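J.: turn this into a model:
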Amino acid sequence: MEDSPIDSLKQAATEMKTAFGSPHPDPVPEAPAVSGTPEVNPAKQLNFSLNSNTPATPATPSMVPALSSPSEELDYDTFIRETLLWKNKVRSAFYFVAGLLAWLVVRGIFTSPTTLFTGVCYTLLFSLAFNFLRGTLAPKLQERCTWSNSAVTRFVVAASSTAVSAAAELHDRHLNGLDPLRTLEVGLGLWLLSLLGRWLDAVTLLLLLHLGAFTLPAAYAANKARVDALAKDAYAKAQAQYEKLDRRVRATVVLAPMAGLLFALPLLDRLVVVFIMLAYGRVWAKPHEYAAVQKRLGPVGATLSKTVVTPLSTAAASAMARYDITPTPAKKKIN
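T.: Presented below is the predicted three-dimensional model:
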């Protein structure tokens with residue numbers, strides 16, 4: 001009887017394994033593990049969960065402090081403030097040097113003639129070559145040095161989760177748009193940074209922001225009394241002159257120059273100027289005036305929600321359910 005294609009493939013695979021004069025010996029059966037003492041990889045048993053209440057053991061050291069209760073929250077503001085003010089010099093030095101190293105990597109990526117896809121391929125080839133050599137020199141070590149579910153992977157996941165949570169908290173605190181004065185301050189700051197970024201490339205701007213974050217707050221804290229006194233005196237004098245002006249004149253003094261910028265700036269900056277003007281008007285609007293504006297704009301928002309937002313969201317949800325856009329198992333399709 002002729003060999004089937006599967007038998008031919010098996011024979012070819014066997015010949016490849018024994019090629020180049022290096023046949024594989026017959027596999028030696030592994031000794032059964034003793035009950036109660038399974039062989040584990042200690043590097044994969046490290047517990048980096050922020051919400052874990054499991055006590056630390058030699059196999060699960062407390063690399064990241066666990067929360068005492070599920071309701072306890074991490075104080076990101078205090079952590080960032082103490083780091084930037086060099087309250088903990090070791091921690092601050094670590095993040096300062098790590099930021100500089102990360103900037104060097106980013107600079108190398110931006111200035112390298114190698115494309116991003118080619119660079120990723122080279123990185124993966126380097127990892128493959130390194131593992132190949134390590135597997136040749138120390139095969140048992142290479143078998144244990146895996147990335148999936150390892151201590152390093154868990155630490156990166158925990159650190160990434162913490163960073164994303166901190167970024168989301170900062171977003172909700174400074175970009176929610178509910179505080180008029182904070183909205184105006186953050187809007188002006190972001191706009192000025194966007195203008196500054198046109199004269200500086202992204203790599204240089206990142207370096208300046210990193211250096212400024214680790215130097216300016218500490219310098220201000222060291223000279224806080226003198227800086228606050230000068231700023232308070234200058235603000236008091238400007239405020240005294242500003243209070244002498246009529247409310248409408250105040251608005252004209254600020255809004256008229258910004259309105260003039262509408263003719264000198266590109267389209268995107270014009271939209272930003274309009275937003276800044278609206279935010280400035282919201283700051284100076286009295287509560288009853290702002291309530292009147294909301295009352296007038298209320299029907300417009302309700303109409304848009306009824307005629308545009310609701311139909312679009314309903315159609316999108318129906319399409320996602322009908323064509324299995326989301327990977328949800330056992331989903332009832334809409335006929």
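J.: quick one: low-confidence ranges for the stretch 201-335 of the chain?
T.: 327-335 (pLDDT under 70).
J.: if you set the cut-off to 80 instead, what comes out?
T.: 242-248, 250-251, 253, 324-335 (pLDDT under 80).
J.: can you pull out the helices in it?
T.: 202-222, 224-243, 247-261, 267-284, 287-304, 310-322 (DSSP state H, counting those that start in this stretch).
J.: and the shortest one with helix 287-304, angle?
T.: When axes from the mean of the first three to the mean of the last three C-alpha atoms, to 10 degrees is applied, the directions of helix 310-322 and helix 287-304 differ by 50 degrees.
J.: list the contacts of whichever strand or helix holds residue 106.
T.: Here residue 106, judged by DSSP states H and E, is contained in helix 89-111. With contact meaning C-beta atoms under 8 Å, 6 or more residues apart in numbering, helix 89-111 is reached by 82-86, 116, 119, 201-203, 206-207, 210, 214. Every residue, glycine included, has its C-beta placed from N, CA and C.
J.: model confidence over that helix, on average?
T.: The pLDDT scores in helix 89-111 average 92.
J.: show me which residues of that helix are buried.
T.: 92, 95-96, 99, 103, 107 (16 or more other C-beta atoms under 10 Å).
J.: quick one on the thing from earlier: save the contacts of helix 89-111 as JSON lines, and put in distance to residue 150 and neighbour count too.
T.: Converted to JSON lines, these look like this (distance: C-beta to C-beta, whole Å; neighbours: other C-beta atoms under 10 Å):
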{"residue": "82", "distance to residue 150": "30", "neighbour count": "14"}
{"residue": "83", "distance to residue 150": "27", "neighbour count": "19"}
{"residue": "84", "distance to residue 150": "31", "neighbour count": "19"}
{"residue": "85", "distance to residue 150": "34", "neighbour count": "15"}
{"residue": "86", "distance to residue 150": "33", "neighbour count": "17"}
{"residue": "116", "distance to residue 150": "26", "neighbour count": "9"}
{"residue": "119", "distance to residue 150": "24", "neighbour count": "13"}
{"residue": "201", "distance to residue 150": "37", "neighbour count": "11"}
{"residue": "202", "distance to residue 150": "33", "neighbour count": "11"}
{"residue": "203", "distance to residue 150": "32", "neighbour count": "16"}
{"residue": "206", "distance to residue 150": "30", "neighbour count": "17"}
{"residue": "207", "distance to residue 150": "33", "neighbour count": "17"}
{"residue": "210", "distance to residue 150": "30", "neighbour count": "16"}
{"residue": "214", "distance to residue 150": "31", "neighbour count": "19"}
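J.: now, which of the residues you listed sits nearest residue 284?
T.: The nearest member of these to residue 284, counting by C-beta to C-beta, is residue 84 at 32.7 Å.
J.: measure residue 126 to residue 145 for me?
T.: 15 Å (C-beta to C-beta, to the nearest Å).
J.: so between those two, which is more surrounded?
T.: The neighbour comparison of residue 126 against residue 145 (other C-beta atoms under 10 Å) goes to residue 145, with 15 against 10.
J.: from memory that one sits against residue 135, does it?
T.: No: checked against C-beta atoms under 8 Å, the pair residue 145 and residue 135 is beyond contact range at 9.3 Å.
J.: related to what we said a few turns ago, and the contacts of helix 89-111 as CSV, adding distance to residue 171?
T.: As requested, those are exported to CSV (distance: C-beta to C-beta, whole Å):
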residue, distance to residue 171
82, 21
83, 19
84, 19
85, 23
86, 26
116, 27
119, 30
201, 26
202, 21
203, 25
206, 20
207, 24
210, 20
214, 22
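J.: of these, which is the nearest to residue 268?
T.: For the contacts of helix 89-111, the nearest to residue 268 is residue 202 (17.3 Å; C-beta to C-beta).
J.: which residue packs closest to that closest one, ignoring adjacent ones?
T.: residue 110 (7.2 Å; C-beta to C-beta, 6 or more residues apart in numbering).
J.: can you tell me how far that neighbour is from residue 97?
T.: Per C-beta to C-beta, residue 110 is found 20 Å from residue 97.
J.: identify the residues contacting the residue nearest the centre of the chain.
T.: By C-alpha atoms, centre = their mean, the chain has its centre lying nearest to residue 164, at 4.9 Å. If you count contacts by C-beta under 8 Å, 6+ apart, residue 164 has none.
J.: this completes my enquiry, with thanks.
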